[in-house]
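J.: Attaching a predicted model along with its sequence, questions to come.
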Amino acid sequence: MSLPFRAELEGLPNGRLLVRVLEALEDARQTSPIRIGGARIFSGTGTPNGVVKGRVGDLYLRTDGGTSTGLYVKETGNDTLTGWVAK
């Protein structure tokens, strides 16, 4: 995450802790799913494999992806961190 005024925030009392909390909140926001029926849609940076627990049919939109890596579909394994396939 790119925090505006990061250096200024880190200069405050407990500023480094504040930056870590803000980064954790941003990470949580990116991986909190939108539900559509039984399927969920996640978004974030990097591959979801090993990071995002999903169910077959879930989608992951990779905001830093390129050709054939912008969309992942959970094809195997319910409630696991693996089984995401780039499309």
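T.: Received, thanks. Note that the structure is predicted; figures quoted are calculated from it, not measured.

J.: Do me a favour and average the pLDDT over the helix or strand containing residue 20.
T.: Here residue 20 sits within helix 15-31, counting by DSSP states H and E. Taken as a whole, helix 15-31 has a mean pLDDT of 73.

J.: Check stretch 49-64 too.
T.: 93.

J.: buried stuff in that stretch?
T.: Residues of stretch 49-64 classed as buried by neighbour count (16 or more other Cβ atoms under 10 Å): 49, 51, 52, 54, 58, 59, 60, 62. C-betas here are computed from N, CA, C, even on glycine.

J.: Give me the contacts around it.
T.: If you take Cβ atoms under 8 Å, 6 or more residues apart in numbering as the criterion, stretch 49-64 is touched by 30-31, 33, 38-48, 69-84.

J.: Centre of the chain to that stretch, how far?
T.: Between the centre of stretch 49-64 and the centre of its chain there are 8 Å (Cα atoms, centre = their mean, to the nearest Å).

J.: What is the end-to-end distance of it?
T.: Stretch 49-64 stretches 15 Å from its first residue to its last (Cα to Cα, to the nearest Å).

J.: which stretches of the chain form strands?
T.: Counting by DSSP state E, the chain has strands at residues 34-36, 39-44, 59-62, 71-74, 84-86.

J.: Point out the other helices and strands that the second one packs with.
T.: I take that to be strand 39-44. Helices and strands touching strand 39-44, by 3 or more Cβ pairs under 8 Å, 6 or more residues apart in numbering; DSSP states H and E, are helix 15-31, strand 59-62.

J.: State the distance from the residue of the chain positioned farthest from its centre to residue 6.
T.: Residue farthest from the centre of the chain, counting by Cα atoms, centre = their mean, is residue 13 at 29.1 Å. From residue 13 across to residue 6, the span is 16 Å (Cβ to Cβ, to the nearest Å).

J.: ok, now residue 21?
T.: Counting by Cβ to Cβ, the separation of residue 21 from residue 6 is 13 Å.
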